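Fold the stuff below for me.
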Amino acid sequence: MEILHRVMFNTTSKDILFHTVEDLGLITKTSQLPIDGGLLVFVDISESNPHWPMISDLISALGASDRYDTVFTEEEVRSAEWLRLISTFEQGYPYPKGSWPFKQSGRPLLCQKCATYTQTGPIQFIKEPNLGKKSFMSLIWQNEVFCSPEVFQGLAEINLRGYEPLDAVIHKTGQASEKIQQLFVQNIASPGVIVDDEHERIVCPVCGVAKFHPHMRGVMKIYRDAIIPNVDFMLTNEWFGHGFFAWREILVSNRVAQLILDKGWQGIRFKVVDFV
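Have a look, this model is predicted:
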């Protein structure tokens, strides 16, 4: 497991700080700012890097932007009992884009304030997606996962449970996509995600539903009695996101991860879940 950071801060090419970071080979890229000869500097660094303490102090001192995430090794993924399935390939926007998230096909909102929703029908695409070499994809702004036919064939061959293929509709034709279907997960686990102080909990003043900030650091922990028995796919009971972004995490069994890794299917990654 590795915690990776993308740090962004403003400086100039004459600044001692810039040369210090540059001399250490930490700068990933720079972008020229429109005034005062300033630079927006990007640093990609892991917490195992010996220079991380210096960069961490820099974040605090400058109020630098710090986006971080957790990456697990294949060995860690293959050893985990349960995992989060996360799309890494986004293509296109949900239809209709202009009214997102208030009037989305197949996804009526449960609350207009926090944007929690239910799915009542197929999700519409503006046009057929181009998957290239990918087998999984999602739409920008949404957490639903879509798969190629070979994926559903593979899932069925080993009798995985807790999902169903759901047509994705191409808006221009009104017909089901020939390239993808949604990996529709209907089962929702019992409440049980264990959150710490890092994961702020915001209760919607309108509907009373709690929504947690995205879980980015380390292993997500869930109480074991939240598990739905005899399934390989389920959703967390808890909602995650901020503003008008809201989603339940997709949880999958080790059998799902082993199949996808063995097949080499692209477009998703896994994060380890620990049931306690």
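
For the residue lying closest to Glu249 once chain neighbours are set aside, give me its contacts.
The spatial neighbour of Glu249 that comes closest, neighbours along the chain excluded (Cβ to Cβ, 6 or more residues apart in numbering), is Thr236 at 4.5 Å. All C-beta atoms are positioned from the backbone trio N, CA, C, and that covers glycine. Thr236 is in contact with Ile188, Ala189, Val193, Ile222, Arg248, Glu249, Leu251, counting by Cβ atoms under 8 Å, 6 or more residues apart in numbering.

Do a quick rundown of the strands in the stretch 51-200 of the chain.
Applying DSSP state E, counting those that start in this stretch to the stretch 51-200 of the chain gives strands spanning 65-71, 82-87, 124-125, 136-137, 146-147, 164-170, 175-184, 193-194.

Can you lay out those as TSV showing mean neighbour count and distance to Cys204?
Formatted as TSV, those follow (neighbours: other Cβ atoms under 10 Å; distance: least, Cβ to Cβ, whole Å):
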stretch	mean neighbour count	distance to Cys204
strand 65-71	14	25
strand 82-87	20	23
strand 124-125	22	27
strand 136-137	24	30
strand 146-147	28	28
strand 164-170	18	27
strand 175-184	18	25
strand 193-194	16	17
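
Help me confirm that Thr20 is found in a helix?
Yes - per DSSP: H, G, I helix; E, B strand; the rest coil, Thr20 lies within a helix segment.

What about it, how many residues nearby?
Around Thr20 there are 13 other residues, counting by other Cβ atoms under 10 Å.

what about it, distance to Ile250?
42 Å (Cβ to Cβ, to the nearest Å).

And Val252, its phi and psi?
In terms of degrees, to the nearest 10, the main-chain angles of Val252 are phi -130, psi 150.

which non-adjacent residue is nearest it?
Nearest to Val252 is Leu85, by Cβ to Cβ, 6+ apart, at 4.8 Å.

Also Gln142?
Pro94 (5.4 Å).

ok, which stretches of the protein are helices?
16-23, 52-62, 74-79, 149-157, 254-263 (DSSP state H).

Can you tell me which helices and strands the first one packs against?
Right, helix 16-23. Helices and strands touching helix 16-23, by 3 or more Cβ pairs under 8 Å, 6 or more residues apart in numbering; DSSP states H and E, are strand 2-12, strand 38-46, helix 52-62.

Please point out which parts of it sit buried.
Using 16 or more other Cβ atoms under 10 Å as the test for burial, helix 16-23 gives Phe18, Val21.
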